[in-house]
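Q: I would like the atomic coordinates for the input below:
(chains A and B)
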Amino acid sequence: MMGGSALRIRAIAILSLTGLLAACGTSADNTSGTNTASAPGITATTITIGSTQPLTGRAAPGYSEISPASNAYFNYVNDHGGIFGRKITYYYYDDGYNPTNTASLTRKLILEDKVFALFSALGTPTHLAVVDYINTQKVPDLFVSSGCNCWNDVSNHPYTFGFQPDYTIEGKILGQYINQNLSGKKVGYFFQNDEFGLDGVKGLDASLGASSVPDAARQNYVPTNTSIGPQIAALQASGAQVVAGFSIPAFTALALLQAAKIGYHPVWVVSNVGTDVPTLTGLLKRFSGSAAGGQLIAGMVTDNYLPYSSDTSNPWTSLFKRIHDQYISTLPFDGNVIYGMAQAYTFVQVLKAAGRNPTRASFVKSLETTRLSGGPGFVPFGYSPSNHLGYLGVQVATIAADGTVTTTGPVYQSSDSGPIVQFNGSPSTPPTSGIP
Amino acid sequence: MRAVSSRFERLASPTLGRNLLLALGAAVVLLALSSQIGAYDDYNLTAVAIFAIAAAGLTVLTGLNGQLSLGHGALMAIGAYTASIALKHNHQLPVIVVLVIAVLSTGIIGILFGFAAARLRGPYLAGATLTLAVALPQVAFRYKSIFGGESGLTVTPPPPPDFLGADFPPERWLAWIALAAAILTMLLLANLLRSAPGRAFKAVRDNEAAAALAGIDVARTQVLAFVISAACAGLAGALLAYWTGITAPAGFTLALSLQLLTAIVIGGLGSLAGAVWGSIVLVFVPLQTSGMASRLHLPSSISDNLPLAIYGGILVIAMLVAPHGIQGALRRIFTFGRARWGRTPGGGQEGVVDWDDPASDT
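A: Residues are numbered from 1 along each chain as shown, chains lettered A, B, ... in the order given. Okay, the predicted model is just below:
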């Protein structure tokens, strides 16, 4: 019944895409012709990708939503004809955030399931365990879900690509915000004592000046020890009026509760990773036995590179909400869902750009040479033959008492060592089909 | 002179001959097997060998000497970190050197901890070893420059030697190394358990006072059991570092110690073969269930936790069906068969089996 018109639309789409790519100087042969099994994990009708994720264990709260969200987006694409007529099959395995499990499950994906590429594998220690192996096997390793700058190592890991801005860039831009909007106030740090926190502090120091924050106002925690009373008391004693934080959601919540308990009310400026409002509100309620909640977050400053789940006016948020409601309505609609869907959308963009019958090498080359634009992010990606960093910057935002997040000021981009520059590109809107 | 010759006689006893023959047979079968299967199966076979070494060590301590350890994961961590640090300083170190260093360092820590453990009984010992399992990973966070903190230390798996050819899978080479280590460990432990120290272990487990009256130095026996057990854990830890490719605190949680304990109980407490059965369960059951979350169309709150629930279910059922573990069940079948053919071993009563004897079928 509708086959005829759908076919025609697809034919037109393919034709116009062919034209576009030809205009870009890419060989038109890439997109025309018939589907072949051009690489492991690719057949004429399917493309199989895989991931390791913390679905259970201490890293699971929040993060376990990312892969179902990506999968929901892939199912949406599959239900609308797939990519070059191929359906995407996504296997995600639970490694419980334990590198020993990651090592074995990644081999299962590559050797037994024969996936074409790894996608969105989550965690710094977990993925560090397998990144060498993945690269010796020459398997594309896209969009590692971690802000460690270790994924940007083109010479040793030519097949691995990051996704989110690294924590140093984020720290620099948050530091600049403090300089510009909270100048004259004493600043303190509260950070996780690992790559995440230390890279973030490196960025903050680059903007604020290392000497402007005394040692007494640099307080850290380890994620296995939840008693952070002494650190918060030390921050209060140091007279810090602004606390810049690189903490995961559970520790952001603990810090807010502890500060409220001792009557300490600084301005909190906290990394994107630790401030997803629905997650944070839930944790505050849980930790305080519902005595506290969203009111403690009011006035917090944070940043993002993707649209907020609460920003219903954003066309990307409404697209992702629509897919969420159709495929994974039992999960909360929060920043993790947006993150998973944004990764999946970007992956489909790369698949499109790589042409009809990609090999693993041509797929990676395409990601290095195609300028990905028109996606949900506020900032451009850094991908090039010499750079495997993902999003290059963030936009600062403030959280109101009712939990709505408002972006403030321009979007900034930077690199670990370069200056902060304003990004003037205008935000994009998703295609009406919702598929790149 | 006579002492020497009698010692030699004891060394060349039928037990040694039989164990050597068994080990050789196992080596031939496993070598053939590992050459036939794919790289991924070789990789899993390596995991079985690694966990079998650690579980065998724990069997000596818990099953045969009666000291409950909840901290074996931490001892594996010591072996793994020793190997990783040694390799960090010298990438070229041969595997055998790395393994020996790991065994020695973990053995030395085992002596220190063994002295403390020998003074503790029952729940107090469990508590002390539990402390080890919980506290040790924190050391890696505290001394980041040495242990690499949360992201740990990366380890490159040993490349296969050139004479095996360029296409020889590294997974198979690691499997051979781990299997050789496992067979050697089993051989040494099996001999040890059939000799005086092994009998002393069991005597101390069954009744300390009686053992002391029989002239056994109880504390020394307990320390010895702890050291042997720790050395096995150290060897397994070093191999695990090669196998995982990284040594990080997240790989050595309390769950690892509990898994090892599960393995020896489900395999058959007190028998080396049981340690092997338990390791097979430990490796393969989670692998079979790991894909469920993305393949079943269930709400993620259910499908995420289903593999753990199934694993738990299998443990419960296994303990109900075979309370003496897999090895116990096999032995019962074996004994039943013998009884039918009218040959009851050792003049024992029909149907009565010494569950705890590692080699009751002499």
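Q: Could you check how far the closest residue to chain B within the stretch 301-436 of chain A is from residue A:322?
A: Proximity of the stretch 301-436 of chain A to chain B (Cβ to the nearest Cβ) peaks at residue A:330, 4.8 Å away. (Each C-beta comes from the backbone N, C-alpha and C, glycine too.) Distance of residue A:330 to residue A:322, given as Cβ to Cβ, to the nearest Å: 16 Å.
Q: same check, this time on residue A:187
A: 42 Å.
Q: Give me the more crowded residue out of these two.
A: More crowded of residue A:187 and residue A:322, by other Cβ atoms under 10 Å in any protein chain shown: residue A:187, with 25 against 12.
Q: Bridged to the closest residue to that one other than its chain neighbours, which residues?
A: In space, residue A:187 comes closest to residue A:242 once its chain neighbours are excluded; the distance is 4.7 Å by Cβ to Cβ, 6 or more residues apart in numbering or on different chains. With DSSP bridges as the criterion, residue A:242 is bridged to residue A:187, residue A:267.
Q: List the residues that contact residue A:242.
A: Residues near residue A:242 by Cβ atoms under 8 Å, 6 or more residues apart in numbering or on different chains: A:178, A:182, A:185, A:186, A:187, A:188, A:266, A:267, A:269.
Q: cool, residue A:65 as well?
A: Residues in contact with residue A:65 (Cβ under 8 Å, 6+ apart) are A:331, A:332, A:334, A:336, A:337, A:340, B:300.
Q: which of these count as buried?
A: Neighbour counting with 16 or more other Cβ atoms under 10 Å in any protein chain shown marks A:331, A:332, A:334, A:336, A:337, A:340, B:300 as buried within these.
Q: right, and the pair among those residues with maximum separation?
A: By the measure Cβ to Cβ, A:334 and B:300 form the most distant pair in the buried ones among the contacts of residue A:65, at 13.9 Å.
Q: Beyond the helix or strand containing residue B:309, next helix or strand please.
A: Assigned by DSSP states H and E, residue B:309 belongs to helix B:306-321. Next in sequence after helix B:306-321, counting helices and strands by DSSP H and E, comes helix B:325-340.
Q: Next, the buried residues of that next one.
A: Across helix B:325-340, burial judged by 16+ other Cβ under 10 Å covers B:325, B:326, B:327, B:328, B:329, B:330, B:331, B:335.
Q: ok, of these, which one's closest to chain A?
A: Once Cβ to the nearest Cβ is applied, the member of the buried residues of helix B:325-340 that ends up nearest chain A is residue B:326, at 22.0 Å.
Q: quick one, what contacts the closest one?
A: By Cβ under 8 Å, 6+ apart, the residues touching residue B:326 are B:266, B:267, B:268, B:274, B:277, B:278, B:281, B:318.
Q: try 6 Å
A: Residues counted as contacts of residue B:326 (Cβ atoms under 6 Å, 6 or more residues apart in numbering or on different chains) are B:267, B:268, B:277.
Q: can you tell me which of the residues you listed are in helices?
A: Residues of those located in helices (DSSP state H): B:267, B:277.
Q: near chain A, anything from the helix or strand where residue B:257 lies?
A: For residue B:257, the host element (DSSP H and E) is helix B:254-267. No. Figure legend: helix B:254-267 not in contact with chain A (Cβ under 6 Å from any Cβ of the partner chain); closest approach 7.7 Å.
Q: who does that helix touch, helix- and strand-wise?
A: Helix B:254-267 sits against helix B:39-58, helix B:72-89, helix B:272-289, helix B:325-340, with contacts defined as 3 or more Cβ pairs under 6 Å, 6 or more residues apart in numbering or on different chains; DSSP states H and E.
Q: Show me which residues of that helix are buried.
A: Neighbour counts over helix B:254-267 (16+ other Cβ under 10 Å) mark B:256, B:257, B:259, B:260, B:261, B:262, B:263, B:264, B:265, B:266, B:267 as buried.
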